[in-house]
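Engineer: My questions are about this predicted structure, shown below with the sequence.
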Amino acid sequence: MSDYNLRTMMQKPERLAPGHRMCAGCGATIAVRAVLRGLKEEDQAVIGNATGCLEVSSYMYPYTSYEDSYIHNAFENAGATLSGVETAYNALKKRGKLKDSDRFKFITFGGDGGTYDIGFQSLSGAMERGHDLVYVCYDNGAYMNTGIQRSSATPRFADTTTSPVGSHSNGKMQSRKDLTAIIAEHKVPYVAQTTLTRDFRDIHRKATKAIYTEGPAFLNVLTPCPRGWRYETSDIMEICRLAVDTCYWPLFEVKYGKWKLNYEPKKKLPIEDFLRPQGRFKHLFKPGNEYLIEQFQEEVDRRWEDLLFRCSRRD
(Lines give C-alpha, C1' and ligand atoms only; values in the text may rest on other atoms or scores of the structure.)
Protein backbone atom coordinates (compact mmCIF):
# COMPACT_ATOMS: atom_id res chain seq x y z
CA MET A 1 0.00 0.00 0.00
CA SER A 2 2.59 2.52 -1.06
CA ASP A 3 -0.26 4.76 -2.19
CA TYR A 4 -1.87 4.68 1.27
CA ASN A 5 -4.20 7.60 1.86
CA LEU A 6 -5.69 8.08 5.31
CA ARG A 7 -8.56 10.24 4.07
CA THR A 8 -9.56 7.61 1.53
CA MET A 9 -9.47 4.83 4.12
CA MET A 10 -11.50 6.80 6.66
CA GLN A 11 -14.13 7.70 4.05
CA LYS A 12 -14.90 4.08 3.21
CA PRO A 13 -18.47 3.01 4.13
CA GLU A 14 -18.64 1.68 7.69
CA ARG A 15 -19.16 -2.07 7.96
CA LEU A 16 -19.84 -1.89 11.69
CA ALA A 17 -22.95 0.20 12.33
CA PRO A 18 -23.03 2.72 15.19
CA GLY A 19 -25.34 2.16 18.11
CA HIS A 20 -23.69 -0.95 19.57
CA ARG A 21 -23.34 -1.25 23.34
CA MET A 22 -19.55 -1.33 23.77
CA CYS A 23 -18.09 0.86 26.52
CA ALA A 24 -16.80 4.35 25.81
CA GLY A 25 -13.04 4.24 25.42
CA CYS A 26 -13.03 0.56 24.38
CA GLY A 27 -10.45 -0.48 21.80
CA ALA A 28 -12.29 -3.49 20.36
CA THR A 29 -14.80 -1.76 18.09
CA ILE A 30 -12.19 0.80 17.00
CA ALA A 31 -10.03 -2.14 15.93
CA VAL A 32 -12.93 -3.83 14.12
CA ARG A 33 -13.73 -0.70 12.13
CA ALA A 34 -10.04 -0.24 11.26
CA VAL A 35 -9.63 -3.85 10.14
CA LEU A 36 -12.78 -3.86 8.01
CA ARG A 37 -11.57 -0.73 6.21
CA GLY A 38 -8.98 -3.05 4.69
CA LEU A 39 -11.74 -4.60 2.56
CA LYS A 40 -12.27 -3.35 -0.96
CA GLU A 41 -15.70 -1.77 -1.31
CA GLU A 42 -16.74 -4.25 -4.02
CA ASP A 43 -15.95 -7.27 -1.83
CA GLN A 44 -18.32 -8.88 0.63
CA ALA A 45 -17.34 -10.54 3.88
CA VAL A 46 -18.47 -13.20 6.26
CA ILE A 47 -17.69 -12.08 9.80
CA GLY A 48 -17.23 -14.57 12.61
CA ASN A 49 -17.25 -13.56 16.26
CA ALA A 50 -16.38 -15.64 19.29
CA THR A 51 -18.44 -15.08 22.41
CA GLY A 52 -17.07 -12.15 24.39
CA CYS A 53 -17.41 -8.39 24.92
CA LEU A 54 -17.52 -7.69 21.20
CA GLU A 55 -20.19 -10.29 20.53
CA VAL A 56 -22.60 -9.51 23.38
CA SER A 57 -22.39 -5.77 22.65
CA SER A 58 -22.78 -5.87 18.87
CA TYR A 59 -25.27 -8.70 18.47
CA MET A 60 -28.66 -9.48 19.99
CA TYR A 61 -30.63 -12.02 17.99
CA PRO A 62 -31.90 -11.33 15.39
CA TYR A 63 -30.07 -7.99 15.16
CA THR A 64 -26.41 -7.32 14.55
CA SER A 65 -24.26 -4.21 14.11
CA TYR A 66 -22.40 -5.74 11.17
CA GLU A 67 -23.32 -4.74 7.63
CA ASP A 68 -21.83 -7.99 6.26
CA SER A 69 -22.96 -11.57 6.90
CA TYR A 70 -22.36 -12.42 10.55
CA ILE A 71 -21.95 -15.58 12.60
CA HIS A 72 -21.84 -15.70 16.38
CA ASN A 73 -20.03 -18.85 17.43
CA ALA A 74 -19.08 -20.34 20.76
CA PHE A 75 -16.16 -19.10 22.84
CA GLU A 76 -13.84 -21.86 21.66
CA ASN A 77 -14.45 -22.34 17.94
CA ALA A 78 -14.13 -19.11 15.97
CA GLY A 79 -11.32 -20.60 13.88
CA ALA A 80 -13.25 -23.79 13.13
CA THR A 81 -16.47 -21.98 12.25
CA LEU A 82 -14.87 -19.75 9.63
CA SER A 83 -12.85 -22.69 8.34
CA GLY A 84 -16.13 -24.45 7.59
CA VAL A 85 -17.65 -21.39 5.95
CA GLU A 86 -14.59 -20.87 3.75
CA THR A 87 -14.64 -24.55 2.75
CA ALA A 88 -18.36 -24.39 1.91
CA TYR A 89 -17.78 -21.27 -0.21
CA ASN A 90 -15.06 -23.02 -2.23
CA ALA A 91 -17.29 -26.08 -2.69
CA LEU A 92 -20.17 -23.95 -3.97
CA LYS A 93 -17.89 -22.14 -6.42
CA LYS A 94 -16.51 -25.45 -7.68
CA ARG A 95 -20.06 -26.67 -8.32
CA GLY A 96 -20.94 -23.50 -10.19
CA LYS A 97 -23.52 -22.38 -7.65
CA LEU A 98 -21.90 -18.99 -7.13
CA LYS A 99 -21.23 -16.26 -9.67
CA ASP A 100 -17.69 -15.13 -10.38
CA SER A 101 -18.79 -11.73 -9.10
CA ASP A 102 -19.69 -13.21 -5.70
CA ARG A 103 -16.41 -12.40 -3.98
CA PHE A 104 -16.24 -13.06 -0.27
CA LYS A 105 -13.56 -12.66 2.34
CA PHE A 106 -13.63 -14.48 5.66
CA ILE A 107 -12.70 -12.60 8.83
CA THR A 108 -13.26 -13.67 12.41
CA PHE A 109 -12.76 -11.79 15.65
CA GLY A 110 -12.04 -13.16 19.10
CA GLY A 111 -10.84 -11.72 22.37
CA ASP A 112 -7.74 -12.99 24.10
CA GLY A 113 -9.82 -15.37 26.24
CA GLY A 114 -11.29 -16.96 23.13
CA THR A 115 -7.97 -16.87 21.27
CA TYR A 116 -4.97 -17.28 23.57
CA ASP A 117 -6.80 -19.75 25.81
CA ILE A 118 -10.13 -21.43 25.10
CA GLY A 119 -10.02 -21.08 21.32
CA PHE A 120 -6.34 -21.77 20.75
CA GLN A 121 -6.84 -25.34 19.49
CA SER A 122 -9.42 -24.15 16.94
CA LEU A 123 -7.20 -21.27 15.85
CA SER A 124 -4.11 -23.45 15.53
CA GLY A 125 -6.03 -26.00 13.47
CA ALA A 126 -7.34 -23.34 11.07
CA MET A 127 -3.83 -21.98 10.58
CA GLU A 128 -2.29 -25.43 10.07
CA ARG A 129 -4.93 -26.52 7.54
CA GLY A 130 -4.29 -23.47 5.37
CA HIS A 131 -7.77 -21.96 5.12
CA ASP A 132 -7.97 -18.64 3.31
CA LEU A 133 -9.22 -16.55 6.23
CA VAL A 134 -8.13 -13.85 8.64
CA TYR A 135 -8.26 -14.35 12.39
CA VAL A 136 -8.17 -11.10 14.37
CA CYS A 137 -7.51 -11.20 18.10
CA TYR A 138 -8.65 -8.09 19.93
CA ASP A 139 -6.31 -8.40 22.90
CA ASN A 140 -7.56 -6.55 25.96
CA GLY A 141 -5.54 -8.68 28.32
CA ALA A 142 -8.22 -10.48 30.37
CA TYR A 143 -11.65 -12.09 30.31
CA MET A 144 -13.35 -8.72 30.41
CA ASN A 145 -16.88 -9.83 29.49
CA THR A 146 -17.24 -12.16 32.46
CA GLY A 147 -15.75 -9.96 35.16
CA ILE A 148 -12.10 -9.13 34.40
CA GLN A 149 -10.50 -12.51 35.12
CA ARG A 150 -6.87 -13.12 34.18
CA SER A 151 -6.04 -14.83 30.88
CA SER A 152 -2.73 -15.99 29.46
CA ALA A 153 -2.59 -12.60 27.70
CA THR A 154 -2.73 -10.75 31.03
CA PRO A 155 0.64 -9.11 31.78
CA ARG A 156 2.60 -9.92 34.89
CA PHE A 157 1.57 -8.07 38.08
CA ALA A 158 -1.81 -6.98 36.67
CA ASP A 159 -4.63 -6.77 39.20
CA THR A 160 -7.65 -8.83 38.08
CA THR A 161 -10.52 -10.50 39.92
CA THR A 162 -8.73 -13.84 39.79
CA SER A 163 -5.25 -12.44 40.40
CA PRO A 164 -6.14 -9.81 43.02
CA VAL A 165 -3.55 -7.58 44.63
CA GLY A 166 -3.43 -8.02 48.39
CA SER A 167 -1.18 -8.44 51.39
CA HIS A 168 0.19 -11.69 49.96
CA SER A 169 -0.07 -11.02 46.23
CA ASN A 170 1.25 -8.53 43.70
CA GLY A 171 -1.27 -9.49 41.05
CA LYS A 172 -0.75 -12.04 38.31
CA MET A 173 2.57 -13.79 38.84
CA GLN A 174 2.99 -15.33 35.39
CA SER A 175 4.25 -13.64 32.22
CA ARG A 176 1.88 -13.26 29.28
CA LYS A 177 1.98 -15.67 26.36
CA ASP A 178 3.60 -14.45 23.12
CA LEU A 179 0.81 -15.63 20.84
CA THR A 180 1.93 -13.68 17.77
CA ALA A 181 5.25 -15.54 17.77
CA ILE A 182 3.47 -18.86 18.36
CA ILE A 183 1.22 -18.37 15.33
CA ALA A 184 4.24 -17.29 13.27
CA GLU A 185 5.73 -20.71 14.01
CA HIS A 186 2.81 -22.23 12.11
CA LYS A 187 4.57 -20.92 8.97
CA VAL A 188 1.43 -19.26 7.63
CA PRO A 189 1.64 -16.59 4.91
CA TYR A 190 0.99 -13.54 7.11
CA VAL A 191 1.11 -12.71 10.82
CA ALA A 192 1.21 -9.22 12.31
CA GLN A 193 1.02 -7.37 15.60
CA THR A 194 -0.51 -3.89 15.72
CA THR A 195 -2.59 -1.48 17.77
CA LEU A 196 -4.51 1.78 17.53
CA THR A 197 -1.73 4.23 16.78
CA ARG A 198 -2.76 7.80 16.10
CA ASP A 199 -2.93 7.81 12.30
CA PHE A 200 -4.16 4.18 11.95
CA ARG A 201 -1.64 3.71 9.15
CA ASP A 202 -0.15 0.55 10.66
CA ILE A 203 -3.41 -1.28 11.34
CA HIS A 204 -4.94 -0.29 7.99
CA ARG A 205 -1.95 -1.56 6.04
CA LYS A 206 -1.73 -4.80 7.98
CA ALA A 207 -5.45 -5.46 7.69
CA THR A 208 -5.29 -5.04 3.92
CA LYS A 209 -2.26 -7.34 3.70
CA ALA A 210 -3.93 -9.95 5.88
CA ILE A 211 -7.20 -9.91 3.92
CA TYR A 212 -5.59 -10.03 0.48
CA THR A 213 -2.74 -12.42 1.17
CA GLU A 214 -3.86 -15.85 -0.01
CA GLY A 215 -4.06 -18.37 2.80
CA PRO A 216 -4.39 -18.06 6.57
CA ALA A 217 -3.49 -14.77 8.24
CA PHE A 218 -3.45 -13.64 11.86
CA LEU A 219 -3.63 -10.16 13.35
CA ASN A 220 -2.99 -9.54 17.03
CA VAL A 221 -4.36 -6.12 17.95
CA LEU A 222 -3.81 -4.54 21.37
CA THR A 223 -7.21 -3.09 22.32
CA PRO A 224 -7.23 -1.39 25.75
CA CYS A 225 -10.23 -1.88 28.04
CA PRO A 226 -11.16 1.06 30.30
CA ARG A 227 -12.92 -1.13 32.87
CA GLY A 228 -10.20 -3.74 33.17
CA TRP A 229 -7.18 -1.47 32.73
CA ARG A 230 -8.79 1.43 34.64
CA TYR A 231 -7.80 4.46 32.59
CA GLU A 232 -9.68 7.58 31.55
CA THR A 233 -11.75 6.71 28.48
CA SER A 234 -10.37 9.65 26.51
CA ASP A 235 -6.81 8.37 27.00
CA ILE A 236 -7.12 5.26 24.86
CA MET A 237 -4.92 6.50 22.00
CA GLU A 238 -2.26 7.67 24.44
CA ILE A 239 -2.29 4.26 26.15
CA CYS A 240 -1.69 2.61 22.77
CA ARG A 241 1.11 5.02 21.94
CA LEU A 242 2.83 4.29 25.26
CA ALA A 243 2.47 0.55 24.69
CA VAL A 244 4.40 0.95 21.44
CA ASP A 245 6.98 3.54 22.57
CA THR A 246 7.90 1.53 25.69
CA CYS A 247 8.22 -1.57 23.45
CA TYR A 248 5.66 -3.41 25.53
CA TRP A 249 3.71 -3.96 22.30
CA PRO A 250 6.08 -3.72 19.31
CA LEU A 251 4.72 -3.29 15.80
CA PHE A 252 5.99 -6.05 13.51
CA GLU A 253 4.89 -8.51 10.85
CA VAL A 254 5.98 -11.93 9.63
CA LYS A 255 5.37 -12.56 5.94
CA TYR A 256 6.19 -16.02 4.62
CA GLY A 257 8.53 -16.55 7.56
CA LYS A 258 10.42 -13.27 7.23
CA TRP A 259 10.23 -11.07 10.34
CA LYS A 260 10.06 -7.31 9.84
CA LEU A 261 10.03 -4.58 12.47
CA ASN A 262 7.62 -1.82 11.43
CA TYR A 263 8.50 0.78 14.02
CA GLU A 264 11.40 1.46 16.36
CA PRO A 265 11.03 4.35 18.83
CA LYS A 266 13.62 7.09 18.50
CA LYS A 267 13.70 7.06 22.28
CA LYS A 268 12.52 3.91 24.01
CA LEU A 269 10.43 5.02 26.99
CA PRO A 270 10.62 3.31 30.41
CA ILE A 271 7.85 0.78 31.02
CA GLU A 272 6.57 2.77 34.00
CA ASP A 273 5.23 5.37 31.54
CA PHE A 274 2.87 2.69 30.19
CA LEU A 275 2.00 1.26 33.61
CA ARG A 276 1.34 4.49 35.53
CA PRO A 277 -1.92 5.59 33.81
CA GLN A 278 -3.52 2.19 34.48
CA GLY A 279 -5.26 1.48 37.76
CA ARG A 280 -4.53 -2.25 37.46
CA PHE A 281 -0.86 -1.45 38.11
CA LYS A 282 -1.21 1.23 40.80
CA HIS A 283 0.23 -1.09 43.47
CA LEU A 284 3.55 -1.14 41.60
CA PHE A 285 4.08 2.51 42.50
CA LYS A 286 3.76 2.06 46.24
CA PRO A 287 6.97 2.57 48.25
CA GLY A 288 9.02 -0.61 48.34
CA ASN A 289 7.64 -2.04 45.08
CA GLU A 290 10.24 -0.49 42.79
CA TYR A 291 11.76 -3.95 42.25
CA LEU A 292 8.52 -5.12 40.61
CA ILE A 293 8.75 -2.40 37.98
CA GLU A 294 12.39 -3.37 37.46
CA GLN A 295 11.35 -6.98 36.86
CA PHE A 296 8.67 -5.84 34.41
CA GLN A 297 11.25 -3.70 32.59
CA GLU A 298 13.68 -6.63 32.38
CA GLU A 299 11.03 -8.80 30.74
CA VAL A 300 10.09 -6.09 28.23
CA ASP A 301 13.77 -5.53 27.37
CA ARG A 302 14.38 -9.25 26.94
CA ARG A 303 11.43 -9.64 24.57
CA TRP A 304 12.43 -6.53 22.63
CA GLU A 305 15.99 -7.78 22.12
CA ASP A 306 14.67 -11.15 20.98
CA LEU A 307 12.41 -9.42 18.45
CA LEU A 308 15.27 -7.29 17.14
CA PHE A 309 17.33 -10.45 16.67
CA ARG A 310 14.53 -12.21 14.75
CA CYS A 311 14.00 -9.19 12.51
CA SER A 312 17.73 -8.86 11.79
CA ARG A 313 18.21 -12.46 10.64
CA ARG A 314 18.68 -13.09 6.95
CA ASP A 315 17.63 -16.57 5.89
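Structural biologist: Right, received. Where do you want to start?
Engineer: helix/strand/coil for Met173?
Structural biologist: Secondary structure for Met173, judged by DSSP: H, G, I helix; E, B strand; the rest coil, is coil.
Engineer: Against Val136, how distant is it?
Structural biologist: 29 Å (Cβ to Cβ, to the nearest Å). Where you see a C-beta, it was placed from the backbone N, CA and C, and this is true even at glycine.
Engineer: Please say which of those two ends up with more neighbours.
Structural biologist: Each of Met173 and Val136 has its neighbours counted (other Cβ atoms under 10 Å); Val136 has more, 27 against 10.
Engineer: Which other helices and strands does the helix or strand hosting Ala31 contact?
Structural biologist: Ala31 is part of helix 27-36, with elements assigned from DSSP states H and E. Judged by 3 or more Cβ pairs under 8 Å, 6 or more residues apart in numbering; DSSP states H and E, helix 27-36 is in contact with helix 53-58, strand 104-111, strand 134-139, helix 201-212, strand 217-222, helix 236-245.
Engineer: The third one pairs with which strands, parallel or anti?
Structural biologist: The strands that strand 134-139 pairs with in its sheet are strand 104-111 (parallel), strand 217-222 (parallel) (by DSSP bridges).
Engineer: all strands of the stretch 151-300 of the chain, in order?
Structural biologist: 165-166, 169-170, 190-195, 217-222, 252-255, 258-261 (DSSP state E, counting those that start in this stretch).
Engineer: now the longest helix along the chain: how far from the chain's centre is it?
Structural biologist: For the chain, the longest helix by residue count, based on DSSP state H, is helix 290-312. On the basis of Cα atoms, centre = their mean, to the nearest Å, helix 290-312 sits 21 Å off its chain's mean C-alpha point.
Engineer: Output the below-cut-off pLDDT ranges for the stretch 101-250 of the chain.
Structural biologist: For the stretch 101-250 of the chain, applying pLDDT under 70 flags no range at all.
Engineer: let's go with 90 and repeat that
Structural biologist: 101-102, 167, 198-199 (pLDDT under 90).
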